[in-house]
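Asks: give me the fold of what follows.
(chains A and B)
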Amino acid sequence: MSKAVKVQKKFGMAEVALIFSIAILVIVVAVPVIMIFLTAFFKDGHFNLAGVIEVLRQKDTYLALKNSLIIAFGVTLFSTIIGVFFAWLLARTDIPCKKALNAMFMVPFMLPSFICAMAWKVLLSPRSGYINKMLMSMFNLSSAPIDIMTMGGIIAIETMYLFPFVFLQVSGALERMDPTLEESARISGASLWTITRKITLPLVMPSIVAGALLVCLYSLAHFGVPSILGVEKGIYNIPTKIYERIYASGGSYEAIRVGTILATILVICATLILKLQNVVLKKGRFQIIAGKSMRPVVLKLRGLRWPLFIICVVYLLLTVVLPTVTIFLIGGLKTYGLPFLPKNMTFENYAEVFQMKMTRSAIWNSVYLSTLTAFVTMLAGVMISYVIVKMKVKGKFILEFLGVLPYSLPGTVIALGCILTWSGKFGINLYNTAGIIFVAYIARYMAFSIKSNSAALEQVSDSLEEASRSCGATHWQTLTHIVIPLIRPGMINAFFLIFLPALRELTTSVLLYGPTTRTIGVAIYALNEDGETVRAAALAGIALIIIFIGETFIKGLLAKLDKTKRSA
Amino acid sequence: MSDIIFRNVSKAFEGKQVLKDLSFSIKSGECFTILGPSGCGKTVILRLIAGFEIPDSGQIIIGDEVVADPEKGICKAPEERNLGVVFQDYAVWPHKTVRQNVTYPLEMHNVPKEERLPLSQKAIDMVNLHGYEDRLPNQLSGGQQQRVALARALVLDSDILLLDEPLTNLDANLREEMRFEIKEIQKKTGRTILYVTHDQEVALAISDRIAIMTPDSDFCQIADPETVYENPVSVFSFRFLGVADILECHCKDGKTLLDNNVEFIPLPKEYMSLASSPKFIAGFRPMDVEITRAGKGIECKVERCTLLGNIVDYLLSIDGITFRAEAQTEEAVRKDTIFNPGDSCMAEFVDIHWFPDDHEYEEVFV
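Replies: Down below sits the predicted model:
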């Protein structure tokens, strides 16, 4: 036994990790946010409320706010209805082909909504939409029957691709719910309908609310769909308004200042939404959802079995297959507007994606930026969540606060904050470089990483680490031998939770890209804006293939890891 | 030499004082059990020895070395204390096989590679897990995982073994088997064992000395199992060590009276000092009540009489004050003392412990 007595360090590993974690979050998250507030409320060093009020009284900013709220409300409402309905249908009825349907309902999640918005614009725009033209010639109509380029259209398209947030949360809760809760109600004489209303629904309510609010947050700050379907018709929401202001003025400080005021409104809305979520979730935090999966009561649909199945299939065909096929077909057209006939088709556009310097560098930029972001954010997330979950240090509440802060920060806000912070004000100028997109992505996705890693770490009981220490392993050896192997699935999950959305990111990148740092999302958007619909579609098609490969790869890898993962 | 000594150790968690000025020592080579109700702070003692917690004040000495003394800024890291620890939840690493789990301490202590296999095999054999070396923990039962944890704690030749309720999660048969195995291992290896539990049976079975911990985290008695069982120092330790009858008494005109003023057994001379207190307590085990149809003792009414296999369980009352009694079935049949409710009988109290009034820990037993 060593005789050497170690003097207790006042400044141990815990404190170093804490300070390092706080530093990362302050630099990447807190400073940009503070910069936004400072820019919005201070002018030449003076508090300037009049300027804020002036901006808010302008008609177009006021309208943009109104539109943002209407779109967010509509999308949340419809996503909740659709998400809960399909989740219940797949989890609690005897609908055929459950497994296949479950997998298919995940697909809208991977489709980038702005690419689908492009497809729907091609199909349903009032003047040149293929479906509109077809309907007009079929029924001899003088005007287009469906106009997608309206508020209703934007709400519909966003709903199609955001409802999985609700679907996922609710079907997860329904699957994990202890069926004895329902069985005992049944034994007490309640009918299945009563049980659904009185037992099942209240129990999954927290999940419904959680999913709905995610949709609301996302939609409130969503750039892609409104910019493709709305801007042409003068329908702006806050993110598109910010973009328009900044680009119309060539990035002037005044425009950025207006942007920060609008961004502040977004942050306030988001904070209110999260507050609401906390209130609702706190009220309904039941511990009845068991971890083990059991067989629930299944409602026999009888005569409705096949009709409901057909509804599911038609829904999926319309929202998944139709837009995807459209994108690939448009990408193969010689010129936009030609009918889809074999003689009009070509592979030229797809080949061109890899030949054109702009698209090629966009793909490269997106791939390496999202890989790098995912990797760095994952590692930082492991450290930060380790401090939050496992370490006993004073001051970790700062981390907990800063860690969830990015959740309520819309992508547009993060982008603006990064412009203000990283344009030389603090001695570092990343403007127009890939670096600024990189730090913005880290800020945007840090919350995902912390959430996924914290969940994994909470599964690792403290005694597993203490056992290792008592076996003679140092803290560091314990981390590498015991903790990291056990949370590896959570880390990989975090990696892909970041990598896949970052690959198709548009909202943030569109405000940050420079001449040589376009991402895939930006390139598709720019090509589409320039009227190069065919090339935009070809690039979108390639992007879909990349995303699909990434998504199936993650599934395979995670399934494999799940087999080797044991309960800790 | 590996005595463990606590000197005036205090520890608080989030403002709640758990240990206050605690001093005691564990002798080298003995099996020392801390027995106490859940939440009394007994695990904290173990964690302080292991180094997972740092005391707020006081000194902890292992062998001839001070391992924790906050005043002097001394705190040896857990990995440098060279102890074996078995956790209540096993803490067997789920991503390592049985062999890898058991070999890990050897790797961490840089035991030469060629010695690792025989050493780990020895530990695995000691806990009867031969043939399970390549299994992963999720392929083992709870008892087997428990034994992996034990083997892992035993594989190094550390002098001290800390066991935190290692048997609570096992079924009754396995628990019985394992407690003999632990005792056996201690005899074989001569290690110092600190065993923390709330199960008085295990404590009595394996300990050289038992420390009984009260809910306010103080030791009320430290002694060998016989002494603790036969001569409990307080109502608390008496009740904690098994089923107990507690009757409240007081003295009047030299007679011992129960609460309902019925006369009870007179106070023995050596306990006369209790007579002056307004209330004192007579405690006895149900087994120590001798029941007859008509004989010596106090007349009781039978409230309930239940045959439980080899024993008969009685609920008797002395004018409304109830207590439990037990008799061997064979003997009860011979003495014709299997009653119907409402019958009357005579009860003789063979072995009564007299205690001062002590209501402090009532809630622990409710």
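Asks: quick one, domains of chain A?
Replies: A:59-237+A:298-331, A:339-568 (automatic domain parsing).
Asks: and those: which comes nearest A:Thr264?
Replies: Closest of the domains of chain A to A:Thr264 is domain A:339-568, at 8.2 Å (criterion: Cβ to Cβ). (Glycine included, C-beta is placed from N, CA and C.)
Asks: show the contacting residues for A:Ala540.
Replies: A:Pro112, A:Ile115, A:Met118, A:Ile327, A:Gly331, A:Ile524 (Cβ atoms under 8 Å, 6 or more residues apart in numbering or on different chains).
Asks: highest neighbour count among the residues you listed?
Replies: A:Ile524 (32 neighbours; other Cβ atoms under 10 Å in any protein chain shown).
Asks: for it, give me phi and psi.
Replies: Torsion angles at A:Ile524 (phi, psi; degrees, to the nearest 10) stand at phi -60, psi -50.
Asks: sorry, back to before: determine which two of the contacts of A:Ala540 are furthest apart.
Replies: A:Pro112 and A:Gly331 (14.5 Å).
Asks: give me the neighbour count for residue 201.
Replies: All of this refers to chain A. Neighbours of A:Leu201 under the rule other Cβ under 10 Å: 13.
Asks: I was after chain B.
Replies: Neighbour count for B:Glu201, taken as other Cβ under 10 Å: 14.
Asks: now B:Ile45
Replies: Counted with other Cβ under 10 Å, residues neighbouring B:Ile45 total 30.
Asks: and if you look at A:Gly381?
Replies: By other Cβ under 10 Å, 30 other residues sit near A:Gly381.
Asks: quick one: residues contacting A:Tyr386.
Replies: For A:Tyr386, the contact set (Cβ under 8 Å, 6+ apart) comprises A:Ala17, A:Asn453, A:Leu457, A:Leu479, A:Val483.
Asks: and the residues you listed, which is closest to chain B?
Replies: A:Val483 (10.2 Å; Cβ to the nearest Cβ).
Asks: the closest one is in contact with A:Ala467, isn't it?
Replies: No: judged on Cβ atoms under 8 Å, A:Val483 makes no contact with A:Ala467 at a distance of 11.9 Å.
Asks: in what helix or strand does B:Ile265 lie?
Replies: Applying DSSP states H and E as the criterion places B:Ile265 outside every helix and strand.
Asks: what's it sitting at in phi/psi?
Replies: phi -60, psi 140.
Asks: state the pLDDT value of A:Lys283.
Replies: According to the prediction, A:Lys283 has pLDDT 62.
Asks: again, but for B:Asp21
Replies: Confidence for B:Asp21, expressed as pLDDT, is 89.
Asks: contacts only, for it.
Replies: When the contact criterion is Cβ under 8 Å, 6+ apart, the partners of B:Asp21 are B:Asn8, B:Val9, B:Ser10, B:Gly58.
Asks: dump those residues to JSON lines, plus secondary structure, distance to chain A and neighbour count.
Replies: Output for those, formatted as JSON lines (DSSP: H, G, I helix; E, B strand; the rest coil; distance: Cβ to the nearest Cβ, whole Å; neighbours: other Cβ atoms under 10 Å in any protein chain shown):
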{"residue": "B:Asn8", "secondary structure": "strand", "distance to chain A": "18", "neighbour count": "13"}
{"residue": "B:Val9", "secondary structure": "strand", "distance to chain A": "16", "neighbour count": "24"}
{"residue": "B:Ser10", "secondary structure": "strand", "distance to chain A": "16", "neighbour count": "15"}
{"residue": "B:Gly58", "secondary structure": "strand", "distance to chain A": "14", "neighbour count": "21"}
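Asks: poorly predicted segments of the chain, please.
Replies: Picking chain A for this. A:1-12, A:281-297, A:554-555, A:558-559, A:561-568 (pLDDT under 70).
Asks: ah, no, chain B please
Replies: For chain B, the ranges with pLDDT under 70 are B:1, B:358-366.
Asks: what segments of it are helices?
Replies: B:42-50, B:98-108, B:113-126, B:142-154, B:172-189, B:200-206, B:225-230, B:235-240, B:329-334, B:362-365 (DSSP state H).
Asks: now render those as JSON lines, adding distance to A:Val387.
Replies: Shown next, in JSON lines, are the helices of chain B (distance: least, Cβ to Cβ, whole Å):
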{"stretch": "helix B:42-50", "distance to A:Val387": "21"}
{"stretch": "helix B:98-108", "distance to A:Val387": "24"}
{"stretch": "helix B:113-126", "distance to A:Val387": "34"}
{"stretch": "helix B:142-154", "distance to A:Val387": "28"}
{"stretch": "helix B:172-189", "distance to A:Val387": "38"}
{"stretch": "helix B:200-206", "distance to A:Val387": "39"}
{"stretch": "helix B:225-230", "distance to A:Val387": "45"}
{"stretch": "helix B:235-240", "distance to A:Val387": "41"}
{"stretch": "helix B:329-334", "distance to A:Val387": "62"}
{"stretch": "helix B:362-365", "distance to A:Val387": "38"}
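Asks: of A:Val483 and A:Ala467, which one has the most company?
Replies: More crowded of A:Val483 and A:Ala467, by other Cβ under 10 Å: A:Ala467, with 30 against 21.
Asks: and the gap between the more buried one and B:Leu156?
Replies: Distance of A:Ala467 to B:Leu156, computed by Cβ to Cβ, to the nearest Å: 13 Å.
Asks: tell me the secondary structure for the residue of the stretch 251-400 of chain A found nearest chain B?
Replies: Closest approach between the stretch 251-400 of chain A and chain B, counting by Cβ to the nearest Cβ: A:Lys392, at 9.7 Å. A:Lys392 falls in the coil class when you classify it by DSSP: H, G, I helix; E, B strand; the rest coil.
Asks: residue contacts, the residue lying closest to it once chain neighbours are set aside?
Replies: Spatial nearest neighbour of A:Lys392, excluding adjacent residues (Cβ to Cβ, 6 or more residues apart in numbering or on different chains): A:Ala14 at 7.2 Å. Counting by Cβ under 8 Å, 6+ apart, A:Ala14 makes contact with A:Val387, A:Met391, A:Lys392, A:Val393.
Asks: cool, A:Ala455 as well?
Replies: A:Gly490.
Asks: and for A:Asp530?
Replies: So A:Asp530 contacts nothing (Cβ under 8 Å, 6+ apart).
Asks: tabulate the helices of chain B (CSV), appending distance to chain A.
Replies: Formatted as CSV, these follow (distance: least, Cβ to the nearest Cβ, whole Å):
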stretch, distance to chain A
helix B:42-50, 6
helix B:98-108, 4
helix B:113-126, 12
helix B:142-154, 7
helix B:172-189, 17
helix B:200-206, 20
helix B:225-230, 28
helix B:235-240, 26
helix B:329-334, 40
helix B:362-365, 25
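Asks: what does the stretch 351-500 of chain A put close to chain B?
Replies: Counting by Cβ under 8 Å from any Cβ of the partner chain, the stretch 351-500 of chain A comes close to chain B at A:461, A:463-464, A:466-475, A:477, A:481-482, A:485-486.
Asks: show me what stretch B:317-333 is in contact with.
Replies: In contact with stretch B:317-333 (Cβ under 8 Å, 6+ apart) are residues B:243, B:245, B:247, B:258-260, B:262, B:264, B:286-287, B:289-291, B:298-301, B:303, B:307, B:309-316, B:335, B:337-338, B:347.
Asks: same thing but at 6 Å, please
Replies: Under the criterion Cβ atoms under 6 Å, 6 or more residues apart in numbering or on different chains, residues B:245, B:258, B:260, B:262, B:286-287, B:289, B:291, B:300-301, B:303, B:310-316, B:338 lie in contact with stretch B:317-333.
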